[in-house]
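*Asks:* What follows is a protein structure lacking sequence information:
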């Protein structure tokens, strides 16, 4: 497999624009979160718009796949360091997958934000039948004790999985027919969009929870790609080495 070519500078500017735009929208107009959540809420039945068992089954299978890919990277990365390649992927590729899942969904999302944000989930907010107060995205409050709403761990994991699938398709694009590459890209986009819709539509997360979770995974992917495949780490090491010699 060839290493996909990514314009890191252009991608970085796009991510920065999305971060700034989202911060402005969700901080200055918190009603956006309430409006989107309200589309799925009924005062009599609660969040019953998306309760199809098939949706829940698919959500669970995507979650299982994300966990499987993460566990596979835990095994395959050290094996690739020893053997050179595992399943045609180099140690650097497996290291990217491992780092993406570990730093985005595990450390940043679940370890830092969800454990400390204190943001109540939509279904627990008094505006939607709960007993807690609504909190603006990014505020750290006391409306939730654990496993809180900000941000979505499942969306973060789904976006990480989508990134891996998308890049896998790009790595094989010379061997795939045009429709094959389109199919892989469509699957990658569908996974993230479906999980975000399911989590928002069932009152488990606000739109901002889903959006920022996805941005965290994309940003971690961009940073890791630059360090592992973009030569950033080598340049950093060279600068540190020159600094020690001087």
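*Replies:* It's in. Just so you know, these numbers come straight off a predicted model, no measurement behind them. Residues are numbered from 1 along each chain as shown.

*Asks:* Tell me which residues are up against stretch 129-138.
*Replies:* By CB atoms under 8 Å, 6 or more residues apart in numbering, the surrounding residues in contact with stretch 129-138 are 23, 26-27, 30, 33-34, 41, 43, 46, 117-127, 141, 143-144, 150, 206, 208-209, 212. C-beta: built from backbone N, CA, C; applies to glycine.

*Asks:* Now intersect those with the helices, please.
*Replies:* Members of the contacts of stretch 129-138 lying in helices (criterion: DSSP state H): 23, 26-27, 33-34, 208-209, 212.

*Asks:* Give me the buried subset of those residues.
*Replies:* Buried by 16 or more other CB atoms under 10 Å: 26, 33-34, 208-209, 212, out of the ones in helices among the contacts of stretch 129-138.

*Asks:* Looking at the residues you listed, which is nearest residue 52?
*Replies:* residue 209 (21.8 Å; CB to CB).

*Asks:* give the contact list for the closest one.
*Replies:* Shown in contact with residue 209 (CB under 8 Å, 6+ apart): 119, 137, 149-152, 155, 199-200.

*Asks:* What of residue 220?
*Replies:* 99-100, 103-104, 108, 160.

*Asks:* what's near enough to touch the most centrally placed residue in the chain?
*Replies:* For the chain, residue 156 is the residue whose C-alpha lies nearest the centre (CA atoms, centre = their mean; 2.6 Å). Contacts for residue 156 were tallied using CB under 8 Å, 6+ apart; they are 104-105, 108-109, 213-214, 216-217.

*Asks:* now for these, which pair is the farthest apart?
*Replies:* Longest span within those, CB to CB: 108 and 214, 12.4 Å.

*Asks:* Which elements pack onto the helix or strand residue 73 falls within?
*Replies:* Assigned by DSSP states H and E, residue 73 belongs to helix 53-83. Under the contact definition 3 or more CB pairs under 8 Å, 6 or more residues apart in numbering; DSSP states H and E, helix 53-83 sits against strand 85-86, strand 89-90, helix 91-101, helix 153-171, helix 178-201.

*Asks:* in the protein, which ranges drop under the pLDDT threshold?
*Replies:* Scanning the chain for pLDDT under 70 picks out 1, 239-246.

*Asks:* for stretch 121-133, how far is the first residue from the last?
*Replies:* Start-to-end span of stretch 121-133 (CA to CA, to the nearest Å) is 10 Å.

*Asks:* Now that stretch: buried residues?
*Replies:* For stretch 121-133, a neighbour-count test (16+ other CB under 10 Å) marks 121-125, 128-130, 132 as buried.

*Asks:* Centre of the chain to it, how far?
*Replies:* Remark: stretch 121-133 is offset 25 Å from the chain centroid, using CA atoms, centre = their mean, to the nearest Å.

*Asks:* All set, thanks.
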